[in-house]
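Enquirer: Kindly generate the corresponding structure for this input.
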Amino acid sequence: MVQMGEFRPELESQRIAGRVINGKLTSYETREQITANQWPHLNSVLLWVDDPVDAFFTQI
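Expert: Predicted coordinates for the structure are as follows:
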């Protein structure tokens, strides 16, 4: 989580979230990217669910 006000006072109330990959702040994948298998952790199972509604709430 980056507090933007630490860099520019006019952005005091804004923040962004992401992760650092190779020294660069990168956004997290969207739910659409995850469900389309467009994310870097395809070989890693985070959890299994048997209900699409449970999967939806887990993603959000």
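
Enquirer: how near is Asp50 to Arg15?
Expert: The span separating Asp50 from Arg15 equals 36 Å under the rule CB to CB, to the nearest Å. Every C-beta, even on glycine, is put in place using the N, C-alpha and C of the backbone.

Enquirer: Those two: which has the busier surroundings?
Expert: Taking neighbours as other CB atoms under 10 Å, Asp50 and Arg15 compare with Arg15 leading, 12 against 6.

Enquirer: Okay, and the beta partners of the more buried one?
Expert: Gln3 (DSSP bridges).

Enquirer: quick one: buried residues of the helix or strand of the chain with the lowest mean pLDDT?
Expert: Least confident element among the helices and strands of the chain, by mean pLDDT, DSSP states H and E: helix 31-35 (a mean of 80). Under the neighbour-count criterion of 16 or more other CB atoms under 10 Å, helix 31-35 has Ile34 buried.

Enquirer: Against which helices or strands is it packed?
Expert: Other elements packing on helix 31-35 under the criterion 3 or more CB pairs under 8 Å, 6 or more residues apart in numbering; DSSP states H and E are helix 52-59.
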